[in-house]
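Just to be clear, the model below is a prediction. Sequence and coordinates:
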Amino acid sequence: MNQITFILNGKNTTVEVDPEKPLLWVLREDLGLTGTKYGCGMAICGCCIVHLEGDAIRSCVTPVARAEGKRITTVEGLSNDLSHPVQRAWMELQVPQCGYCQSGQMMSAACLLSLNSKPTDSEIADAMSGNLCRCGTYKRVRQAIHRAAEIAHEKGARR
Amino acid sequence: MKLPLPMIAGCLLSIATLFALSESRSTASKAQSDLTASAAFAKAYQVFMHPRCLNCHPAGDSPLRGEDSRPHSGLRLRRGSDGQGVFTLKCTNCHQAQNQTGLHMPPGAPNILKDGALDLRNPRWHLPPARTPMVFQGRSAAQLCRQLQDPKQNGGLTTEQLIHHVSTDPLVLWGWNPGEGRAKPPITHQEFVASVRLWLEKGGECPQ
């Protein structure tokens, strides 16, 4: 067991865990943040995506040791008042069906928009190709990313 | 003290085996150093064209995977200018500083710190950058031989730097520690480095 310290959703956080334990399970089991989901466990489906220093990493295969001293953002940390453009667009367009993959979808979308404020359909298809949805919400995900880009451009919108 | 006959015979057999092994190693080493530059390159070429090397030196803009060098199914991966992927699909979003346990799990290799030590927490997985993509896939031995020695195509590496790269880069070394279900190149890393060194030290002549 090691002490690992990182900045989780803006707050300094220390856990005492096996450094090889996947970040996903530290978030869910040790820190109670269950918004991030377990899907395939092998970096294929994208359900477990969180941001590590802004990158959309797959927490199911990421040893928590890699987070030491770094910024981690989970779906709970996008905003504390549902004001993030991705959250607003997701609610406005009622994107989820069963919802299981949606935290990963939202984290990928937020990562994409932080690097490309007005992505094309093709850029969205590329960037979201690592997020699988068994309900087939892909079309609404794409529409919501375009809508989130508009919201982010509106005055006063948070990025 | 009297030693039993089987023990004496066993000792003699071990000594003879050791002698034969050392003889065979020195013969192998002499055979290696007798190779011409182009023959040494031909030996190393087997490694360059092996999926463990070639998959990250593709002809296109996306990394390959598996023994049959196929695309990452479903993922629309792109090299990006620095070779580390783009937007939500950076190589190190999935690939860690070590192989993941189990079949079909993402392989990984550690990064290098500024002082040259291995960074066992952070991964190094990437393709060559867009400016010098160092394509191996589809290159003949003669083409690859010339390309590797061309500073405009090899990222400006000198002969020494090229030897250093194949000797120590964690991504090269990973080829011989590829994780479950992945084949290793057909010769050892030592033999590979010796072949590259011999090829370059004997003038870097290329196969026809």
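Happy to help now that I have it.

On the pLDDT front, check the residue nearest to B:Val172 when sequence neighbours are not counted for me.
Nearest residue to B:Val172, sequence neighbours excluded (CB to CB, 6 or more residues apart in numbering or on different chains): B:Val166, at 5.4 Å. No exception for glycine: its C-beta is placed from N, CA and C like everyone else's. Looking at B:Val166, its pLDDT is 97.

ok, now B:Lys2?
53.

Output the below-cut-off pLDDT ranges for chain B.
For chain B, the stretches flagged by pLDDT under 70 are B:1-31.

swap the cut-off to 50 and go again
Where chain B drops to pLDDT under 50, the residues are B:1.

And for chain A?
Across chain A, the ranges flagged by pLDDT under 50 are A:157-159.

Near chain B, which residues of it? Just list them.
A:42-43, A:49, A:55-58, A:61-63, A:65-66, A:68, A:108, A:111-112, A:115-116, A:123, A:125-130, A:132 (CB under 8 Å from any CB of the partner chain).

Please tell me I have it right and B:Pro178 contacts B:Arg52.
Yes. When contacts are counted by CB atoms under 8 Å, B:Pro178 is listed as touching B:Arg52 (5.5 Å).

Overlap of the contact sets of the two?
Common neighbours of B:Pro178 and B:Arg52 (criterion: CB atoms under 8 Å, 6 or more residues apart in numbering or on different chains): B:Lys184.

So those two - more neighbours on which side?
B:Arg52 (20 against 16; other CB atoms under 10 Å in any protein chain shown).

show me what contacts that one?
The neighbours of B:Arg52, taking CB under 8 Å, 6+ apart as the test, are B:Trp174, B:Gly175, B:Pro178, B:Arg182, B:Ala183, B:Lys184, B:Pro185.

Helix or strand: which one has it?
helix B:51-54 (DSSP states H and E).

residues near the residue nearest to B:Val172, how many?
By other CB under 10 Å, the residues close to B:Val166 number 22.

hang on, it in a helix?
Yes. The assignment for B:Val166 by DSSP: H, G, I helix; E, B strand; the rest coil puts it in a helix.

Contact partners for it?
Counting by CB under 8 Å, 6+ apart, B:Val166 has contacts B:Val172, B:Phe192, B:Val193, B:Val196.

How much space separates the residue lying closest to B:Phe136 once chain neighbours are set aside from chain A?
Distances taken as CB to CB, 6+ apart place B:His57 nearest to B:Phe136, at 3.7 Å, with adjacent residues excluded. To chain A, B:His57 is 22 Å away according to CB to the nearest CB, to the nearest Å.

follow-up on the earlier one: which pair in the contacts of B:Arg52 spans the largest distance?
Greatest spacing in those, by CB to CB: B:Trp174 and B:Ala183 (13.1 Å).

okay, the two: which has more neighbours?
Set B:Trp174 next to B:Ala183 and count neighbours by other CB under 10 Å: B:Trp174 wins out with 22 against 11.

give the contact list for the closest residue in space to the more buried one that isn't next to it in sequence.
With CB to CB, 6+ apart as the criterion, B:Trp174 has its nearest non-adjacent residue at 4.2 Å, and that residue is B:Ala109. Residues near B:Ala109 by CB under 8 Å, 6+ apart: B:His95, B:Ala97, B:Gln98, B:Pro123, B:Arg124, B:Trp125, B:Pro170, B:Leu171, B:Leu173, B:Trp174.

Return the residues in contact with the spatially most central residue of chain B.
Closest to where the C-alpha atoms of chain B average out (CA atoms, centre = their mean) is B:Val172, at 3.9 Å. Going by CB under 8 Å, 6+ apart, B:Val172 touches B:Cys53, B:His165, B:Val166, B:His189.

Nearest to chain A among those residues?
Minimum distance to chain A across the contacts of B:Val172 is 22.1 Å, recorded for B:Cys53 (CB to the nearest CB).

where's the closest one relative to B:Leu157, distance?
16 Å (CB to CB, to the nearest Å).

What about residue 104, how many residues nearby?
Using chain A here. Count around A:Gly104 with other CB under 10 Å applied: 28.

um, chain B though
Around B:His104 there are 14 other residues, counting by other CB under 10 Å.

Equivalent analysis for the one 10 residues further on, please.
Taking other CB under 10 Å as the neighbour definition, B:Lys114 ends up with a count of 6.

and if you look at B:Lys202?
When counting by other CB under 10 Å, one arrives at 16 neighbours for B:Lys202.

again, but for B:Ser140
Neighbour count of B:Ser140, defined by other CB under 10 Å: 13.

Could you tell me how far it is located from A:Asp30?
For B:Ser140, the distance to A:Asp30 (CB to CB) stands at 54 Å.

wait, what's in contact with the residue nearest the centre of chain A?
Closest residue to the average C-alpha location of chain A: A:Met107 at 2.4 Å, with CA atoms, centre = their mean. Listed by CB under 8 Å, 6+ apart, the contact set of A:Met107 reads A:Ile49, A:Val50, A:His51, A:Ala56, A:Thr73, A:Thr74, A:Val75, A:Leu78.

make it 7 Å
Contacts here follow CB atoms under 7 Å, 6 or more residues apart in numbering or on different chains; on that basis A:Met107 touches A:Ile49, A:Val50, A:His51, A:Ala56, A:Val75.

Tally up the residues packed near the third one, please.
Read that as A:His51. Number of residues near A:His51 (other CB under 10 Å) recorded here: 23.

got the residues of chain B near chain A?
Residues of chain B lying close to chain A by CB under 7 Å from any CB of the partner chain are B:74-76, B:78, B:87-90, B:93-94, B:96, B:100, B:104-106, B:121-122.

Filter those residues down to the buried ones and express that as a PyMOL selection.
Listed next is the PyMOL selection for buried residues among these, using 16 or more other CB atoms under 10 Å in any protein chain shown:
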select buried, chain B and resi 75+76+78+87+88+89+90+93+94+96+100+105+106+121+122
